[in-house]
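In: Here's a sequence, model it:
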Amino acid sequence: MSKAQETVLEIDLSALTHNFNYLKSKLQPQTKFLAVVKAFAYGSDAVEIAKHLQKLNVDYFAVAYTKEGVALRDAGIRTPILVLHPQSINFKTLIDRCLEPSLYSAHVLNEFIKTAEGQYQKHYPVHIKFNTGLNRLGFGESDIDAIVSKLQNTSSVIAKSLFSHLAASEDTAELNFTNFQIETFKTISETFQNKVNYQPWLHLCNTSGVINYPEAHLDMARCGIGLYGFGNSADEDQNLKPIARLKSLISQIHTIKKDETVGYNRAYKAEGIERTATIPIGHADGINRIYGNGKGFVVINKHKAPIIGNVCMDMIMVNITNIDCNEGDEVIIFDNIYKASAFAEGANTISYEILTSISQRVTRSIIY
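Out: Numbering: from 1, shown residues only. Okay, here's the model as predicted:
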């Protein structure tokens, strides 16, 4: 039986290489590859992930916020970086660090042009986002004339790309809506290009879009969750390798009698003589309280051990009555066999949430 030392998130860069090559093989030859590394690269390690992908000659990175892009620049990343949700207070920093903003509203467009002109920029690359149905961020089709007018009245910025975001590209029941989004974006792009007399790059597809809508790959595709090993369907999951393995250990084992309780608020009551294990990981580490009281499980020596009682800040307790194990034995929260998506199902959520919830206090171990 293996012995673990502490709670650790192992990050397998060979799995990342596999996923990158698989997704890239799905793209049209001329389509560029943008890797989404926001939220600490989906809860892993943005710097290590970006450094590895840079070695693989990825074309672009995307982050959510300016500070995420700054962290990559500080780590030596020189590949272009798109900032998907920049705020005007950070525009000067964004320019200083050669980051490229998504401009999604008249206010943001005006503020960035003002900053770029104040910094004496010439043709600074920006990315214009259009809303085609997700209704989260983005200009509407009716805004094209105003955007073009702003761009033509300044030499400080130039539209490097136009893009939008698919709302349900993984859902076959939403085929008609996704096709509507694709056609809407193509119409917007054609109208925009005709008015500016040049051709910005076009990008629309996320991971599921890359897999399900090859006709919409366009000039660039943005892959996030697929890089980390999840394809949003059981079939595609088989072609990808989860890069992250979250492991811990048994700190202590208790034997409790019938009607004794476990944890805060006495949320679990033993039905007979039972054995429990305490594990040093809790809601401060990303195992949210929703996983308590049997909604989540861990794996000990290839057996599932349900979480009992309420999840604590730094600990969970699990039922090991029928599991042969000892203090110090390894505990798997998720890996490439017992996947994060399966763990997330216990709380009726998705792999994205559990992955991005893993606290930065959990030790990262890079496997090359």
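
In: Are we agreed that Val318 is in a helix?
Out: No - checked against DSSP: H, G, I helix; E, B strand; the rest coil, Val318 lies outside a helix; its state is strand.

In: what sits against it?
Out: 276-277, 279, 297-298, 300, 305-308, 331 (CB atoms under 8 Å, 6 or more residues apart in numbering). Glycine gets a C-beta too; all of them are placed from N, C-alpha and C.

In: And Ile307, by the same measure?
Out: 291-298, 316-318.

In: what helix or strand does it sit in?
Out: Using DSSP states H and E, Ile307 sits in strand 303-308.

In: same deal with Ala41?
Out: helix 38-43.

In: Name the next helix or strand downstream of the helix or strand bottoming out on mean pLDDT in the chain, please.
Out: Least confident helix or strand, the chain: helix 234-237 with a mean of 88, by mean pLDDT, DSSP states H and E. Moving toward the C-terminus from helix 234-237, the next helix or strand (DSSP H and E) is strand 244-249.

In: Within its sheet, name the partner strands of that next one and how each one runs.
Out: The strands beside strand 244-249 in its sheet (DSSP bridges) come out as strand 8-12 (antiparallel), strand 330-334 (antiparallel).

In: as a whole number, average confidence for it?
Out: Averaged across strand 244-249, the pLDDT comes to 98.

In: can you give me how far that strand is from the chain middle?
Out: 19 Å (CA atoms, centre = their mean, to the nearest Å).

In: Please put the alpha-carbon coordinates of it into PDB.
Out: Listed next in PDB are the C-alpha coordinates belonging to strand 244-249 (Å, rounded to 0.1, in the frame of the first residue of the first chain):
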ATOM      1  CA  ALA A 244      -4.500  16.700 -12.900                       C
ATOM      2  CA  ARG A 245      -4.500  14.100 -10.100                       C
ATOM      3  CA  LEU A 246      -5.600  15.300  -6.700                       C
ATOM      4  CA  LYS A 247      -4.300  13.000  -3.900                       C
ATOM      5  CA  SER A 248      -4.100  13.100  -0.100                       C
ATOM      6  CA  LEU A 249      -3.600  10.600   2.700                       C
END
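
In: next helix or strand past that strand?
Out: With DSSP H and E, the next secondary element past strand 244-249 is strand 252-256.

In: Quick check: neighbours of that next one in the sheet, parallel or antiparallel?
Out: In the sheet, strand 252-256 lines up with strand 274-279 (antiparallel) (DSSP bridges).

In: what's the spacing between the helix or strand following the partner strand and its chain's center?
Out: Scanning forward in sequence from strand 274-279 by DSSP H and E, the next helix or strand is strand 297-300. Distance of strand 297-300 from the chain centroid (CA atoms, centre = their mean) equals 24 Å.

In: Report the rounded mean pLDDT for strand 297-300.
Out: The pLDDT scores in strand 297-300 average 98.

In: How about residues contacting that strand?
Out: With contact meaning CB under 8 Å, 6+ apart, strand 297-300 is reached by 248, 250, 277, 279, 304-307, 316, 318, 320, 323, 325, 329-333, 338, 343, 346.

In: Show me how to select, in ChimeraX, the buried members of these.
Out: Those of the contacts of strand 297-300 that count as buried under 16 or more other CB atoms under 10 Å are selected in ChimeraX with:
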select :248,250,277,279,305,306,307,316,318,320,323,325,329,330,331,332,333,338,343,346
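
In: quick revisit: can you give me the buried ones in the least confident helix or strand of the chain?
Out: In helix 234-237, counting by 16+ other CB under 10 Å, buried: 236-237.

In: Same check on stretch 252-265?
Out: Applying a neighbour-count criterion of 16+ other CB under 10 Å, one finds 256, 262-263 buried in stretch 252-265.

In: Need the residues that contact the helix or strand hosting Lys186.
Out: For Lys186, the element it lies in under DSSP H and E is helix 175-196. Here helix 175-196 makes contact (CB under 8 Å, 6+ apart) with 128, 130, 132-133, 141, 144-145, 147-148, 151-152, 159, 162, 164, 166-169, 171, 199-200, 202, 204, 209, 212-213, 215-216.

In: In strands, which of the residues you listed appear?
Out: 128, 159, 162, 202 (DSSP state E).
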